[in-house]
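S.K.: with the input below, show me the fold.
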Amino acid sequence: MSDQQPPKIEFPCENYPIKVLGEAGPELHTYVVEIMERHAPGFDQTRISIKESSKGRYHSLTVWITATGVEQLTAIHEDLRINRSIKMVM
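M.R.: Numbering: from 1, shown residues only. Now for the predicted structure:
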């Protein structure tokens, strides 16, 4: 068993991806944009990619931000997880 540590992130980190999986619908997109604007103002909304599940029940959104620190990333994850329609944040 190794004590391998995850790679360290150097901040600021441009093009940091955050993936959100949630129930399909415009509310998911609106909520994710709202949270990103709160914590990463001015992020490029044109780079948001949306993938639909095979049955269309879920959407996966990938948002690219400039990560400024662990505190910012923790706050984003916490705010996203509050929404009951969001199933996973990576």
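S.K.: residue 59 against residue 52, yeah?
M.R.: Yes - Residue 59 is in contact with residue 52 according to Cβ atoms under 8 Å; the separation is 5.8 Å. Just so you know, the C-beta spots here come from the backbone N, C-alpha and C atoms, and that holds for glycine as well.
S.K.: so those two - more neighbours on which side?
M.R.: residue 59 (20 against 11; other Cβ atoms under 10 Å).
S.K.: tell me the pLDDT at the more buried one?
M.R.: On pLDDT, residue 59 comes in at 98.
S.K.: could you measure the spatially closest residue to it that is not a sequence neighbour against residue 58, distance?
M.R.: Distances taken as Cβ to Cβ, 6 or more residues apart in numbering place residue 24 nearest to residue 59, at 4.6 Å, with adjacent residues excluded. Noted for residue 24: a distance of 6 Å to residue 58, by Cβ to Cβ, to the nearest Å.
S.K.: common neighbours of these two, please.
M.R.: Contact with both residue 24 and residue 58 is made by residues residue 52, according to Cβ atoms under 8 Å, 6 or more residues apart in numbering.
S.K.: which residue is nearest the middle of this structure?
M.R.: Nearest to the geometric centre of the chain sits residue 18, at 3.1 Å (Cα atoms, centre = their mean).
S.K.: surely that residue touches residue 62?
M.R.: Yes - under the criterion of Cβ under 8 Å, residue 18 makes contact with residue 62 at 7.3 Å.
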